[in-house]
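> please find the sequence and the predicted model below.
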Amino acid sequence: MATASTALTPATDLLLGAYAMAPAPGPDEDAFYAGVADLGVVGLELPVPLAGSPSLDPAWLDRTLRPTWSLLLTCIPSVMARLGDHPGYGLAATDDDVRGLALADVARARDLAIRLADEHGRRRVVAIQVHSAPGPAGGSVDAMARSLEQILAWDLAGAEVLVEHCDALVPGQPAAKGFWSLDDELAAVRLVLGTHPATAPLGLSINWGRSAIEGRSAAAATAHVRTAAASGLLRALVLSGATDVETAWGPAWGDAHIPPRGADAALAPSAPSLLGPQETEAAVRAAGDGTLLAVKVSVRPRDIPVADRLAVARAALAVADEAATAARVS
């Protein structure tokens with residue numbers, strides 16, 4: 001792998017889910033995020049974990065986030081942490097007490113959006129991604145719609161609310177997340193929008209890898225992007241890979257954010273990824289203009305040097321940038 005960082009100037013506005021490939025907190029993490037600033041990204045997909053996490057500490061945020069970066073928040077770390085203790089947890093929970101806990105977790109994202117907007121005098125958080133846990137096991141579409149209604153009533157400092165589709169529960173198939181189907185999520189969003197102005201800040205986000213995991217193919221991921229775009233509700237596309245074979249990232253169809261395959265030497269370990277230049281171009285073309293694009297990948301081995309992490313990030317961003325450019329000119 002490469003051992004030095006060079007600046008990248010993408011032709012496309014891209015966000016990076018850097019947290020998925022960052023070292024543990026400490027000097028290496030600081031060096032990693034300093035290197036991310038040289039990659040030409042316009043911002044980060046930033047996790048909102050449970051309360052008490054170092055990444056919610058104002059000192060960490062001030063040290064790590066560049067003032068010019070836009071932020072796409074994701075609540076999935078909170079969701080997965082809670083589900084371990086509360087199997088019925090989520091915004092779609094039919095148990096109102098448990099649903100209230102999920103709303104309180106999303107409120108941390110709201111509070112972060114407000115704090116950053118107040119500190120910088122402008123919107124920093126462009127969107128907050130929420131999720132349809134717990135899915136059919138303990139949830140309902142109506143409960144999800146009620147949660148979305150409550151969130152939209154908050155002051156979100158200009159942020160949109162995006163339901164990020166994760167792999168749905170498919171009978172006879174092991175699930176990575178097992179939440180509601182894309183059609184059910186669309187139904188919940190439409191229920192809410194039916195009582196709101198057309199400009200209401202509510203839409204959908206598609207994670208390519210999670211859709212591929214659900215449908216067991218790259219074609220399924222593209223189909224989800226196309227469906228969401230056709231609804232007029234697609235706002236963000238997160239380019240994260242998946243694979244149908246066991247790799248250093250784990251077993252087949254795991255939600256491990258394997259990088260795309262590509263010609264760059266930094267992507268050699270992820271050669272089995274189903275997400276490559278052609279699939280990325282197809283997804284970006286299906287998404288259409290105006291869709292926020294993010295790249296989220298992880299690294300293996302987990303202890304590789306900072307320079308090698310940055311090489312993987314740079315190569316994955318280049319695949320997305322080249323694909324987006326090709327989609328625009330074709």
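Good, I have the coordinates. Quantities reported herein were computed from a predicted structural model and do not represent experimental measurements.
> before we move on, which element is Glu45 in?
Taking DSSP states H and E as the definition, Glu45 sits inside strand 43-47.
> list the contacts of that strand.
Counting by CB atoms under 8 Å, 6 or more residues apart in numbering, strand 43-47 makes contact with 15-19, 36, 55, 65, 69-74, 76-77, 126, 238, 294, 296, all of which sit outside it. Bear in mind the C-beta positions are built from the backbone N, C-alpha and C, glycine included.
> now do that strand, average pLDDT.
For strand 43-47, the mean pLDDT works out to 97.
> before we move on, the earlier item: show only the entries of the contacts of strand 43-47 found in strands.
Judged by DSSP state E, these include Leu15, Leu16, Ser70, Leu71, Leu72, Leu73, Thr74, Val126, Val238, Ala294 as members of strands.
> from Trp69, how far out is the second one?
So that's Leu16. 10 Å (CB to CB, to the nearest Å).
> any common contacting residues for the two?
Residues touching both Leu16 and Trp69 by CB under 8 Å, 6+ apart: Val41, Gly43, Leu44.
> what are the phi and psi values at Ala265?
Dihedral pair for Ala265: phi -60, psi -30, per degrees, to the nearest 10.
> next, count neighbours for it.
The tally of other residues near Ala265 (other CB atoms under 10 Å) stands at 11.
> ok, back up a step: the ones in strands among the contacts of strand 43-47, buried ones only, as a PyMOL selection?
A single PyMOL command is used to select the members of the ones in strands among the contacts of strand 43-47 judged buried by 16 or more other CB atoms under 10 Å:
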select buried, resi 15+16+70+71+72+73+74+126+238+294
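> give me the contact list for the helix or strand containing Ala283.
Here Ala283, judged by DSSP H and E, is contained in helix 277-287. By CB under 8 Å, 6+ apart, the residues outside helix 277-287 that reach it are 206, 208, 218, 221-222, 225-226, 228-229, 234, 237, 239, 260, 262, 291, 293, 319-320, 322-324, 326-327, 330.
> where does this structure have low pLDDT?
1-8 (pLDDT under 70).
> what about the spatially closest residue to Trp60 that is not a sequence neighbour, distance to Ala286?
Leaving aside its sequence neighbours, Trp60 sits nearest to Pro54 (CB to CB, 6 or more residues apart in numbering; 5.4 Å). In this structure, Pro54 and Ala286 are 37 Å apart, going by CB to CB.
> more neighbours: which of the two?
More crowded of Pro54 and Ala286, by other CB under 10 Å: Ala286, with 22 against 12.
> contacting residues for the spatially most central residue of the chain?
By CA atoms, centre = their mean, the mean C-alpha position of the chain lies nearest to Val238, the distance being 5.3 Å. For Val238, the contact set (CB under 8 Å, 6+ apart) comprises Gly17, Glu45, Glu164, Ser205, Ile206, Asn207, Trp208, Ala294, Val295, Lys296.
> 7 Å - rerun?
Contact analysis of Val238 by CB atoms under 7 Å, 6 or more residues apart in numbering lists Gly17, Glu45, Ser205, Asn207, Trp208, Ala294, Lys296.
> which one of the residues you listed is nearest Glu160?
Proximity of the contacts of Val238 to Glu160 (CB to CB) peaks at Ser205, which lies at 9.4 Å.
> three-state assignment of the closest one?
Three-state call for Ser205 (DSSP: H, G, I helix; E, B strand; the rest coil): strand.
> what's the burial count for it?
Around Ser205 there are 28 other residues, counting by other CB under 10 Å.
> my read: it touches Val161, true?
No. Between Ser205 and Val161 there is no contact under CB atoms under 7 Å: 9.9 Å.
> mind checking which of the contacts of helix 277-287 are in strands?
Secondary structure assignment by DSSP E places Ile206, Leu234, Leu237, Leu239, Leu293 of those in strands.
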